[in-house]
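K.L.:
give me the fold of what follows.
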Amino acid sequence: MKTDHQSVTRAGVARVAALALLWGSSFLWIKLALRGFNPVQIVFARLLLGFVILAPIALSRGLRFPRQRSVWGHLFVAALVSNAVPYVLFGVGEETVGSNVAGVLNATTPLWTLLLAFLVGVDRAVTVKKAAGFALGFLGVVVIFSPWESASEIASWGGLACLAAAASYGIGYVYMGRFLTGRGIPPLMLSAAQLGAATVLLALAMPFAGLESPTWRLDAVASLLVLGALGTGAAYVLNYRIIDDEGPTAASVVTYLLPIVAVILGWIFLHEAVTAAIAAGIALVLAGVTLTRKRSAEHR
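P.N.:
Modelled structure (predicted):
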């Protein structure tokens, strides 16, 4: 017979896996969407689509948008540090650095989250096992991407932009965990409201970088629709739920799983090779994530 503890643990694992699949596949959808749209247009469209899909669903379930100005202030800050700033920084960074370098620097997100959560008191339960899990997961990502083949890129302005984007994600996890979750606002409404705030921020940027005429290719449009509906809308509901259930540090571990999803999808759809180093890196990532998950389950 299953206990409530087991059910919650398995549900949490399933949510993390689903979020990793949604966000990990986003790399593929973005690559296809770039065939018809520039980066700013893609970011604006995915945020708008996510909001347009989630808001009616939330309202149909009897949920209402927050009325407190303080909550909306926090939502706009979260949208800035979790959406607008990192999306733009990664776009700038990847103009001059390879995707492997960007992938490794993106994987520093859980480390930033762990440090920031500890410093501000959101999560001070840093055990040896938990720290080892984070370090092992990051080592696995490094092995998968092998950034030493282009080490000079890490120290470039593009590399610094990607690192700043990862730090911004870390700030976003901690900020949402401290100021938005635990207020009695359902994850679905929090997600819709944040995406709405982020859409407003990107709309302000559109006149400066998003007015280029797009190419209305079917594959690009379809990819953008998937990216908005699933990679943004559904993903943010899962993200808020995980932060609410387990805290920002545990939620950020999903970043380590994104390379695995990207590698598997590349192998299936793009026939990209899976080398021994990649396989070893995947094993390290899974071992690291397992350590962090065990700690979370033990303390529920």
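
K.L.:
so what's Leu230 scoring on pLDDT?
P.N.:
Note on Leu230: pLDDT of 91.

K.L.:
quick one, phi psi at the closest residue to it other than its chain neighbours?
P.N.:
Nearest residue to Leu230, sequence neighbours excluded (Cβ to Cβ, 6 or more residues apart in numbering): Leu22, at 5.5 Å. (C-beta placed from N, C-alpha, C; glycine too.) The phi/psi pair for Leu22 (degrees, to the nearest 10) reads phi -70, psi -50.

K.L.:
just checking, Leu22 touches Ala235?
P.N.:
Yes - with contacts counted by Cβ atoms under 8 Å, Leu22 reaches Ala235, the gap being 4.2 Å.

K.L.:
so what's Leu202 up against?
P.N.:
By Cβ atoms under 8 Å, 6 or more residues apart in numbering, the residues touching Leu202 are 40, 43-44, 47-48, 83-84, 210.

K.L.:
taking those residues, tell me the two that lie furthest apart.
P.N.:
Taking Cβ to Cβ, the two most distant members of these are Asn83 and Gly210; they sit 14.7 Å apart.

K.L.:
picking up where we left off before, quick check: the gap between the residue nearest to Leu230 and Ser213.
P.N.:
From Leu22 over to Ser213 the distance is 30 Å, taken as Cβ to Cβ, to the nearest Å.

K.L.:
helices of the stretch 51-200 of the chain, start to end?
P.N.:
Taking DSSP state H, counting those that start in this stretch as the criterion, the stretch 51-200 of the chain contains helices spanning 69-79, 85-93, 99-106, 109-120, 128-145, 151-154, 157-179, 187-209.

K.L.:
with distance to Val289 as added columns, please give those helices in a markdown table.
P.N.:
Shown next, in a markdown table, are the helices of the stretch 51-200 of the chain (distance: least, Cβ to Cβ, whole Å):
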| stretch | distance to Val289 |
| --- | --- |
| helix 69-79 | 25 |
| helix 85-93 | 22 |
| helix 99-106 | 16 |
| helix 109-120 | 10 |
| helix 128-145 | 6 |
| helix 151-154 | 24 |
| helix 157-179 | 16 |
| helix 187-209 | 22 |
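
K.L.:
Serialize the ones you listed to CSV and add fields for distance to His271 and mean pLDDT.
P.N.:
Conversion of the helices of the stretch 51-200 of the chain to CSV gives the following (distance: least, Cβ to Cβ, whole Å; pLDDT from 0 to 100):
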stretch, distance to His271, mean pLDDT
helix 69-79, 38, 96
helix 85-93, 26, 81
helix 99-106, 17, 71
helix 109-120, 29, 82
helix 128-145, 18, 80
helix 151-154, 26, 62
helix 157-179, 27, 89
helix 187-209, 34, 91
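
K.L.:
alright, calling it a day.
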